[in-house]
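In: give me a model of this one.
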Amino acid sequence: MNSIILYPENDRYVLKRIFKIFNSRGLKIDATKIDVDWSINQLAALYSVLDSYSHIFVILSKENFDNRWLTGMLGYISGSNKGHYFYLTEGIDSADTLLKMYNFGHGYESVEIYADYEYKSFSSIQRKESARKHLIDTGFALSNDAMGESISSGQLEIVKKYIDAGFSSSSRNSKGVPMLCLAVRTNHLDIVQYLIEIGADINAISEDRHNTPIMDAASVGDLESIKILVAQGADLETQSKNGQTALILAVGHGDVEVSNYLLSAGANYEVKDFLGMSGKSYATLFNKSEILVNMQ
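Out: Purely as a prediction, here's the structure:
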């Protein structure tokens with residue numbers, strides 16, 4: 001974040017307080033005085049200076065509303081799409097009309113709110129740039145496939161760097177497999193927990209198996225992941241490309257513990273796959289009395 005304050009000489013008295021607000025948050029900000037009688041050429045020279053700044057903070061009093069420099073500044077900000085804020089030194093009724101398309105406020109509390117917001121935004125950008133640099137320097141490509149590989153190999157700290165670098169917890173690899181499914185399939189519970197905590201879609205369907213994370217967990221007998229997903233409200237009745245539910249997958253693998261947990265969570269044992277077989281049908285076929293007892 002590279003900011004500058006523009007102020008007319010008669011509003012210089014507010015600079016000290018505004019500098020203090022920005023500096024207390026570790027935000028660097030420069031300042032330059034505006035001459036309200038500047039010509040168009042002088043304003044053009046100012047704009048070339050402002051090109052090097054990302055954010056423009058303007059101190060504005062009522063007597064400056066009719067000045068040429070303000071009209072020019074509004075046009076420059078609109079055209080450059082720079083971050084900006086107009087600090088009104090007093091309550092100005094006409095500001096609602098003149099500045100309605102811009103960020104503006106009155107009172108030092110409004111400056112503190114603006115500075116806090118910009119600090120968070122700036123910190124986020126710094127964290128993203130730092131994470132991307134770390135990944136590149138340590139040999140990790142900036143791609144969803146590379147993130148997926150770090151998940152499959154259980155590298156939680158690297159996964160966190162990908163998230164800091166701007167990658168989504170709900171992203172997919174080139175095969176269409178959600179990151180959460182990859183974590184479940186490779187039995188990395190710590191990554192499963194982390195991805196869910198930061199908002200991964202718990203019901204995302206993979207393009208290869210048409211499985212949700214809880215279905216993948218049932219396929220590998222990962223009861224702990226299933227418990228976490230059930231607690232978060234995972235859908236128990238989604239069917240795979242073969243019509244199988246999480247319960248059918250668990251019963252098919254003969255997993256008594258997982259099957260009975262899914263039944264206790266409300267899984268429907270009457271849902272049929274594309275072969276016309278239900279969870280109960282498979283339990284009967286495989287003579288799984290320990291499961292059938294919970295299907296009455």
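
In: shaky segments in this structure?
Out: For the chain, residues meeting the criterion pLDDT under 70 lie at 91-97.

In: state the helix or strand in which I158 lies.
Out: Assessed by DSSP states H and E, I158 sits inside helix 156-164.

In: and after that helix, which helix or strand comes next?
Out: Immediately after helix 156-164, counting by DSSP H and E, sits helix 179-185.

In: tell me what angle the helix or strand following that following helix forms with helix 156-164.
Out: Next along the chain after helix 179-185, taking DSSP H and E as the criterion, comes helix 189-197. Here the directions of helix 189-197 and helix 156-164 differ by 20 degrees (axes from the mean of the first three to the mean of the last three C-alpha atoms, to 10 degrees).

In: buried stuff in helix 189-197?
Out: By neighbour count on 16 or more other C-beta atoms under 10 Å, the buried set for helix 189-197 is 191-192, 194-196. For the C-beta atoms, the positions are set from N, CA and C on the backbone; glycine is no exception.

In: dump the residue contacts of F122.
Out: By C-beta atoms under 8 Å, 6 or more residues apart in numbering, the residues touching F122 are 1, 27.

In: how near is it to A217?
Out: To A217, F122 is 40 Å away according to C-beta to C-beta, to the nearest Å.

In: do the same with I248
Out: From I248 to A217 the distance is 14 Å (C-beta to C-beta).

In: what sits against the residue nearest to H106 when sequence neighbours are not counted?
Out: Nearest non-adjacent residue to H106, counting by C-beta to C-beta, 6 or more residues apart in numbering: L88, 4.3 Å away. Counting by C-beta under 8 Å, 6+ apart, L88 touches 60-61, 95, 104-106.

In: who's L88 bridged to?
Out: Taking DSSP bridges as the rule, L88 bridges to L60, H106.

In: now the helix holding I158: buried residues?
Out: 156, 158-159, 161-164.

In: give me the distance from that helix to the chain's centre.
Out: 13 Å (C-alpha atoms, centre = their mean, to the nearest Å).

In: now for that helix, which elements pack on it?
Out: On a contact count with 3 or more C-beta pairs under 8 Å, 6 or more residues apart in numbering; DSSP states H and E, helix 156-164 meets helix 108-137, helix 144-152, helix 189-197.

In: what do you get if the cut-off is 10 Å, keeping everything else the same?
Out: helix 108-137, helix 144-152, helix 179-185, helix 189-197 (3 or more C-beta pairs under 10 Å, 6 or more residues apart in numbering; DSSP states H and E).

In: any idea how many residues pack against L99?
Out: 19 (other C-beta atoms under 10 Å).

In: list the contacts of it.
Out: If a contact means C-beta atoms under 10 Å, 6 or more residues apart in numbering, then L99 has 58, 60, 65, 70, 74, 86, 88, 92, 105 as its contacts.

In: G105 versus that one, what's the distance?
Out: Applying C-beta to C-beta to L99 and G105 gives a distance of 10 Å.

In: hey, what's in contact with both of those two?
Out: Both L99 and G105 are contacted by 86, 88, under the criterion C-beta under 10 Å, 6+ apart.

In: which residue packs closest to N173, ignoring adjacent ones?
Out: G148 (3.9 Å).

In: what lies in contact with the helix holding I158?
Out: 124, 127-135, 138, 140, 142-144, 146-151, 153, 155, 167-169, 171, 179, 183, 188, 190-191, 193-195, 198-199.

In: now these: which count as buried?
Out: Counted by 16+ other C-beta under 10 Å, the contacts of helix 156-164 give 131-132, 135, 140, 144, 146-151, 155, 167-169, 171, 179, 183, 188, 191, 194-195 as buried.

In: for the one helix or strand I5 maps to, packing partners?
Out: Here I5, judged by DSSP H and E, is contained in strand 3-8. If you count contacts as 3+ C-beta pairs under 10 Å, 6+ apart, strand 3-8 packs onto helix 15-23, strand 29-34, helix 40-50, strand 55-60, helix 68-80, strand 83-88, helix 108-137.

In: roughly how far does D30 sit from S123?
Out: Applying C-beta to C-beta, the value for D30 to S123 is 20 Å.

In: and N211, by the same measure?
Out: Distance from N211 to S123, by C-beta to C-beta: 37 Å.

In: for those two, indicate the residue with more neighbours.
Out: Using other C-beta under 10 Å as the criterion, N211 and S123 rank with N211 on top: 27 against 13.

In: for that one, which three-state class applies?
Out: Following DSSP: H, G, I helix; E, B strand; the rest coil, we place N211 in the coil state.

In: what does D37 give?
Out: With three-state DSSP as the criterion, D37 reads coil.
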